[in-house]
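Novice: Structure for this input, please:
(chains A and B)
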2 protein chains.
Amino acid sequence: MSQNIYFTPGPSQLFYTVQDHIKNALKQDIGAISHRGKAFQSLYQSTQENLRELLDVPKDYDIFFLSSATEIWERIIQNLVDQSSYHFVNGSFSKRFYQFTQDYQKQSKARTVEFGSGFDQLDIPEEAELIAITKNETSTGFSFHDDDLMAIRQQNPGQLIALDVVSSIPAVPLDFDLVDTAYFSVQKCFGLPAGLGVWMVNQRCYDQHARLKAKGKVTGSYHSLDSLKSNGEKHQTPETPNALNIYLLGKVAEDMLRKGPKMIENETNYKSALLYQTFEQHDSLLPFIKEKKNRSKTVAVGEVDGGNEKLMKYLADKKMITGSGYGPFKKDHIRIANFPTHSKEQVELLCDTIASFS
Amino acid sequence: MSQNIYFTPGPSQLFYTVQDHIKNALKQDIGAISHRGKAFQSLYQSTQENLRELLDVPKDYDIFFLSSATEIWERIIQNLVDQSSYHFVNGSFSKRFYQFTQDYQKQSKARTVEFGSGFDQLDIPEEAELIAITKNETSTGFSFHDDDLMAIRQQNPGQLIALDVVSSIPAVPLDFDLVDTAYFSVQKCFGLPAGLGVWMVNQRCYDQHARLKAKGKVTGSYHSLDSLKSNGEKHQTPETPNALNIYLLGKVAEDMLRKGPKMIENETNYKSALLYQTFEQHDSLLPFIKEKKNRSKTVAVGEVDGGNEKLMKYLADKKMITGSGYGPFKKDHIRIANFPTHSKEQVELLCDTIASFS
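Specialist: Numbering: from 1, shown residues only, chains lettered A, B, ... in the order given. From the prediction side, this is the model:
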């Protein structure tokens, strides 16, 4: 690998063991084995078991491998929404998921607030079948607080909750009792090359899917929930999958289990505190998210006085690659990933370097 | 890599340069770079240019990267079929594409003949908007002859033709004048790890897509044809893509250009002739496809007298991994990939070993 350290919020720095795992994958012909054979089935099962243990996924939630979290947005709409869903929108990614419902001509509604702001109103229209919440808005660094999630869960027992945990899991633990489905992609906290999305669903999702089928609705084809399930029961995927990434995900999950989820969480909290402290102490920087309880632990976003260009170049010259703002904030924000692969020492170095910028 | 040689029809033996390209990809941080940055755009463009040159793709055909050929079946139905398509079905893969039209509740029809048989009737119902043909049925080793493709093209100027070239391209050249859209996945003749599908479309596809949109039809979301096009114009993909595989595809296409498409085609023909000769001269083997003009150049399928188990084990003990039959032929057929990565020497060794089996 080059001398660069990627603090970009995904794709990001590869997890520090990935290079070795790729070498081993090549030795074991992971790219050549049949996706209908025993070696693949065993690999699939092992990745599932490691993920289940790492993320503490309850037994009644199934885990499926798709191609991206973007794809999973579409599959959720096709499989779990008949007429209408309800979306909390305060950033580019939550907005895009909502946009997909419009592409699919659903009667979905969104509570849209200014990007980066919190939601005062948590009430949900009765007709919504599914509530879409983004745990960690990678575009703005807004974190949806678990207290709010819990309140929504308690007040809406009849509705499905879909939680986007794209850039939070596993650095920020997820209580599965609060959701019916959750999903992420592997190029964020898992530090893998992109090309794999992970979709977790419970029995209530299957029930909703069955209702749509019974009503004669189109729910897709190979990645329809029943197709994923019948293939998953054989430890297979409906299509020829990205087996290399499924293998790497299992191996990185194993490495993380060895380190311990609690240790990963603690280090995330420490590094995150350091980043926000650095923003607050710097004359030209301010955390974009004002409410401390809504500041993302994994993606720290700062407003840079006078624009991000000079600061990002200053850091890049020192081999630290950071992310620019997303969408409307492209030139004004700096986005810094604080993922499990980023060591305390690397984040300390980054913070010291930011502090030295004037 | 292990000592095994994978003659399985996809995933198969990795192209012989892939391991080195993966090492270089890691050195260049291909797994970490932003899919919205210049380095990725340049990678995307370079892969497109190499593919265009290698496959002789005319300028008025666009090239897009999706996650699998299976996904592309779905996108063709969503984007290019309003009411009805027509499918030539004589194997498991052509059948599955047709099945997807039923999942999407289209009025599509299929001409279904016995698996492995040819089609006597090439007439197309007038209402079909798109004609789906499988150039190389990976499940049976049936090759749809170019003369038949040309006849269909000439007799149906108003209809779109979608050609599945999953396991033929680039070992068997494609005349783009005969098709409006063609697609393949990279784990066959390109010898890459799975997880990428390539979709090529011409202006008539955009026109049909626009007609569907104008009628208010749902054409998907992020992988709707207009979304692919508007992102493609920026040398980007709508989602965070499998950048590693896009890089590897570009590099392998470059290697193949260096070798020369004509040389690849000639070697394919030589190795293919050797395989069928070996089948014909063996007491326990018969080519499954009876008509010589319909025998696949890239996937040779033989019926094994008494079942495939002993022969496949005999070969596997000598480190040559072959494919079993597909679907209903699981125990009776042997399927042997003859892809560009399989050298003449390797195929000669395989044929000698098959000949020595009794």
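
Novice: any idea whether the spatially most central residue of chain A is helix, strand or coil?
Specialist: Geometric centre of chain A, nearest residue: A:V166, 0.6 Å, by C-alpha atoms, centre = their mean. The local conformation at A:V166, judged by DSSP: H, G, I helix; E, B strand; the rest coil, is coil.

Novice: what sits against it?
Specialist: Applying C-beta atoms under 8 Å, 6 or more residues apart in numbering or on different chains, one finds that A:V166 lies in contact with A:10, A:69, A:93, A:134, A:136, A:138, A:183-185, A:188. All C-beta atoms are positioned from the backbone trio N, CA, C, and that covers glycine.

Novice: Mind picking the lowest-pLDDT entry from these?
Specialist: Least confident entry in the contacts of A:V166, by pLDDT: A:G10, with 87.

Novice: Now for that one: which residues touch it?
Specialist: Listed by C-beta under 8 Å, 6+ apart, the contact partners of A:G10 are A:138, A:166-167, A:185, A:187-188, A:194, A:337, A:339, B:240.

Novice: switch the cut-off to 6 Å
Specialist: Contacts for A:G10 (C-beta atoms under 6 Å, 6 or more residues apart in numbering or on different chains) come out as A:187-188.

Novice: Give me the secondary structure label for it.
Specialist: Following three-state DSSP, we place A:G10 in the coil state.

Novice: Quick check, A:L66 in contact with A:L196.
Specialist: No: using C-beta atoms under 6 Å, A:L66 is not in contact with A:L196, being 7.6 Å away.

Novice: which one of those two has more residues nearby?
Specialist: A:L196 (28 against 25; other C-beta atoms under 10 Å in any protein chain shown).

Novice: There's contact between that one and A:Q187 in this structure, I believe.
Specialist: No: between A:L196 and A:Q187 there is no contact, the gap being 8.4 Å when judged by C-beta under 6 Å.

Novice: mean confidence for the lengthiest helix in chain A?
Specialist: For chain A, the helix with the greatest residue count under DSSP state H is helix A:261-281. Average pLDDT, helix A:261-281: 98.

Novice: what's that helix packed up against?
Specialist: Packing partners of helix A:261-281 (3 or more C-beta pairs under 6 Å, 6 or more residues apart in numbering or on different chains; DSSP states H and E): strand A:285-287, helix A:344-355.

Novice: Now with 10 Å, please.
Specialist: Using 3 or more C-beta pairs under 10 Å, 6 or more residues apart in numbering or on different chains; DSSP states H and E, the elements in contact with helix A:261-281 are helix A:38-55, helix A:243-259, strand A:285-287, strand A:299-304, strand A:333-337, helix A:344-355.

Novice: Let me know the pLDDT of A:M1.
Specialist: Looking at A:M1, its pLDDT reads 61.

Novice: on that earlier part again, out of the helices and strands packed on helix A:261-281, the one nearest B:I289 is which?
Specialist: Comparison of those against B:I289 by C-beta to C-beta identifies helix A:38-55 as nearest, at 28.0 Å.

Novice: That closest one packs against which elements?
Specialist: Counting by 3+ C-beta pairs under 10 Å, 6+ apart, the packing neighbours recorded for helix A:38-55 are strand A:61-66, strand A:197-202, helix A:225-232, helix A:243-259, helix A:261-281.

Novice: quick one, which of those is packed in tightest?
Specialist: Comparing the helices and strands packed on helix A:38-55 by mean neighbour count (mean count of other C-beta atoms under 10 Å in any protein chain shown), strand A:197-202 ranks first with a mean of 25.

Novice: Okay, now the unreliable bits of chain A?
Specialist: Applying pLDDT under 70 to chain A flags residues A:1.

Novice: change it to 80
Specialist: A:1-2 (pLDDT under 80).

Novice: could you dump stretch A:74-81 to PDB, C-alpha only?
Specialist: Output in PDB follows, covering the C-alpha atoms of stretch A:74-81 (Å, rounded to 0.1, in the frame of the first residue of the first chain):
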ATOM      1  CA  GLU A  74     -34.300  -0.600  -3.700                       C
ATOM      2  CA  ARG A  75     -34.900  -4.100  -2.300                       C
ATOM      3  CA  ILE A  76     -36.500  -2.700   0.800                       C
ATOM      4  CA  ILE A  77     -39.000  -0.700  -1.300                       C
ATOM      5  CA  GLN A  78     -39.700  -3.600  -3.600                       C
ATOM      6  CA  ASN A  79     -40.100  -6.200  -0.800                       C
ATOM      7  CA  LEU A  80     -41.400  -4.300   2.200                       C
ATOM      8  CA  VAL A  81     -43.400  -1.400   1.000                       C
END
